[in-house]
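Visitor: With the sequence up front, the predicted model follows.
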Amino acid sequence: MSLIVQKYGGTSVGTPERIINVAKRILETKEAGHQVVAVVSAMSGVTNRLIELADQVTGEGKPTEREMDVLLATGEQTTIALTAMALNSMGAEAVSLTGAQAGIETDGVHTKARISNISPEGVHEMLDEGKIVILAGFQGKTADGKITTLGRGGSDLTAIAMAAAIDADLCQIFTDVDGVYTCDPRVVPDAKKIDEISYDEMLEMASSGTKVMQSRSVEFAKKFGVRFEVRSSLNNNPGTLVREESMSMESVVIRGVSLEREQAKVTISGVNDLPGTAGKIFGAVAEANILVDMIVQNVSVKQTGKTDISFTVHRDDVEKAEAALTPVLAELGNGVTIRARDGIAKLSVVGIGMRSHSGVAAEMFEALSNAGINIEMISTSEIKITVTVSEEQIDEAAKVMHAAFGLAEA
Ligand code: ADP
Ligand code: ASP
Ligand code: MG
């Protein structure tokens, strides 16, 4: 008998028929002699609709984050009840649990809370009584009982954290694709399913736009050594195993290509190239809780000692960034200006093989140039190279990258 955590995403529970399908799969696992905790997401589209509703009742003002979490948590609460009902009507003994009921405690950062502790005794007890536990993804509670949510895609994190807390033998992330592909199969139709990928590669892909896994969940899995499998809830094909790296993984230079749309580039020009300038700029942006990604500072002009600093943010954060920076610009002196431009997307190639292979950047830039795609900004890490291109060209750029590194033949 194994202890198995399964997670079913929004599309997998998107209709009553799909919930019944999921219930059957859970029951099959149980009937094969295993203990099962099944984490479910809100039915697809529900979380987005709840966000729209909140916007509609608050008009110009913003909903308080406390109430936002109370609202968003209802999406998953609906699915746990329906899944447990479906199972019970099949003759199984299933019990639904909210995050709070399952002992998932978080910090108080509403809408993107971090899990601080899990007390799994109650879950163990129910499993020992022979019950199937249906757990609401994406939510927890603070020490003083407030409902919190874990950021978009957070049901992945619930599954991985619970698998770690109960020391599960297996953690399976069921979704609407067969696994993690070399690129988003909706963009690159000849993308190939990856059989095995290291935590670091999965993390770099997830944080650069590969939304099949929430990046924080992968971070957690790496930290606590939770191996997991990403696979389809609609068939029985083997999926992708995400695990610690092995020697053989290094032989593949590029594991996958990620893309992220809806980015904007903010440029601050005419700043003095002096210690403390970047600190002031990014301090103000961080204070406003805006996620900054690529940062590029030009070499300063010798005669004037002035330079430009550019960075990317999500398109929706531009106004907030400009507002946060306005007081700083005044402080930075005369002639400092700010410009923002959206319509930008990020393209990344990821692979641990890059550590031991040179020339990847050159190959990437040459392939893009041959396709007439202009690169605006570049940043690199040990196992990732990211460039920004025009958003209109991102699909083409992803296809060009995929072909240039021979990923369809992987
Ligand atoms: P779930 O609702 O199960 O959590 P998501 O919508 O969060 O599912 O993630 C699955 C989707 O991620 C797929 O339908 C696919 O379009 C997208 N995706 C993006 N990049 C990749 C990739 N490299 N491999 C697999 N899926 C990807
Ligand atoms: N329902 C949440 C979302 O849409 C969490 C999840 O699906 O993982 O982001
Ligand atoms: Mg998801």
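Guide: Arrived safely, thanks for sending. Being a predicted model, the structure only gives us computed values, none of them experimental. Ligands and ions are numbered 1, 2, ... in the order given.
Visitor: Apart from its neighbours in sequence, what residue is nearest residue 301?
Guide: Closest residue to residue 301 apart from its sequence neighbours, by C-beta to C-beta, 6 or more residues apart in numbering: residue 307 at 7.3 Å. All C-beta spots, glycine's among them, are computed from the backbone N, C-alpha and C.
Visitor: for residue 133, same thing?
Guide: Using C-beta to C-beta, 6+ apart, the closest residue to residue 133 is residue 37 (4.5 Å).
Visitor: residues touching the one you found, list them.
Guide: Contacts for residue 37 were tallied using C-beta atoms under 8 Å, 6 or more residues apart in numbering; they are 3, 4, 5, 6, 123, 127, 132, 133, 135, 162, 166, 168.
Visitor: Reformat those residues as a markdown table; add secondary structure, distance to residue 89 and neighbour count.
Guide: Formatted as a markdown table, the contacts of residue 37 follow (DSSP: H, G, I helix; E, B strand; the rest coil; distance: C-beta to C-beta, whole Å; neighbours: other C-beta atoms under 10 Å):
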| residue | secondary structure | distance to residue 89 | neighbour count |
| --- | --- | --- | --- |
| 3 | strand | 25 | 17 |
| 4 | strand | 22 | 20 |
| 5 | strand | 23 | 28 |
| 6 | strand | 19 | 26 |
| 123 | helix | 23 | 24 |
| 127 | helix | 21 | 18 |
| 132 | strand | 13 | 25 |
| 133 | strand | 17 | 27 |
| 135 | strand | 19 | 28 |
| 162 | helix | 25 | 27 |
| 166 | coil | 26 | 19 |
| 168 | coil | 26 | 22 |
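Visitor: give me the low-pLDDT residue ranges for the stretch 201-350 of the chain?
Guide: Within the stretch 201-350 of the chain, no stretch has pLDDT under 70.
Visitor: And the residue of the chain that's closest to ligand 3?
Guide: residue 153 (4.3 Å; C-beta to the ion).
Visitor: thought that residue was touching residue 212?
Guide: No: at 9.1 Å, residue 153 and residue 212 do not qualify as touching, with contact defined as C-beta atoms under 8 Å.
Visitor: Establish whether whichever helix in the chain runs longest and ligand 2 are in contact.
Guide: The residue-count maximum for a helix in the chain (DSSP state H) belongs to helix 65-89. Yes: using C-beta under 6 Å from any ligand atom, helix 65-89 comes into contact with ligand 2 via residue 75.
Visitor: what number of residues lie near the nearest residue to the residue of the chain closest to ligand 3 once chain neighbours are set aside?
Guide: Spatial nearest neighbour of residue 153, excluding adjacent residues (C-beta to C-beta, 6+ apart): residue 214 at 3.4 Å. Other residues near residue 214 number 24, with proximity taken as other C-beta atoms under 10 Å.
Visitor: for the residue of the chain closest to ligand 3, what are its contacts?
Guide: Residue 153 touches 211, 213, 214, 217, counting by C-beta under 8 Å, 6+ apart.
Visitor: can you rerun that using 10 Å?
Guide: Listed by C-beta atoms under 10 Å, 6 or more residues apart in numbering, the contact set of residue 153 reads 9-10, 41, 47, 137-138, 206, 211-217.
Visitor: got it, and residue 243?
Guide: 196-199, 202, 221-222, 225-229, 249.
Visitor: Show me the beta-bridge partners of it.
Guide: Going by DSSP bridges, residue 243 is paired in beta bridges with residue 198.
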